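Chemist: would you be able to build a 3D model of this:
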Amino acid sequence: MLERPGVVQADDLADGGTSIPLMAVEGVLAAEGYWQGPAQDDGDRSRVVAQLQVARGFLLAHRDHRLSFGGTRRLHLTESDWLNWLCEDPRFQVTLRFLVERLRIRTWAQVRDHMEQQRSSEFWWEMPSERQAARRALDALVTAATASRVPPGPDLPEPGTGTPPGS
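Modeler: Next comes the predicted model:
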């Protein structure tokens, strides 16, 4: 929807290109029709609208950064690149960085407890080799998060309280 009116331009990496055009965040935020979600409700509209709200929040929080538009396939240079991802929407994907930086999980036991309570598991939890990579990466992520004192994201519960920060 955003590509058609020229608000964003996709990269051409999937076709062997090298172009990663920058995205005009203000243009995306101003595309009112996009943020309304699908006009037809096929039973999935509320999920899509919720994801759009998360995406809009991300753009607002990062509007001063250099952002580009494209598929995630272009960002995975090695098999363990997923460890560097911070997905802000845990309904979409729970990443190790999300657990450490947003939920302030600090130990593997806490990771295990959290993941075992989830209704659906993530690939990195289900695949033994990926789980081992996550376990090895945990200490470095905790050290980095502790050093930078990353606050919980908006409307995310403080660890152990179930209430958003400042409530």
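Chemist: show me the contacts for the nearest residue to Pro21 once chain neighbours are set aside.
Modeler: Excluding the flanking residues, the one nearest Pro21 by Cβ to Cβ, 6 or more residues apart in numbering is Gln9, at 4.4 Å. For every residue, glycine as well, the C-beta is placed using N, CA and C. For Gln9, the contacting residues are Glu3, Pro21, Phe69, by Cβ atoms under 8 Å, 6 or more residues apart in numbering.
Chemist: count of residues packed around the closest residue to the first one other than its chain neighbours?
Modeler: In other words, Glu3. With sequence-adjacent residues excluded and distances taken as Cβ to Cβ, 6+ apart, Glu3 is closest to Ala10, at 6.1 Å. By other Cβ atoms under 10 Å, 16 other residues sit near Ala10.
Chemist: against Ala30, how distant is Ala10?
Modeler: Distance from Ala10 to Ala30, counting by Cβ to Cβ, to the nearest Å: 19 Å.
Chemist: related to what we said a few turns ago, isn't there a helix covering the residue nearest to Glu3?
Modeler: No. With DSSP: H, G, I helix; E, B strand; the rest coil as the criterion, Ala10 is assigned coil and is not in a helix.
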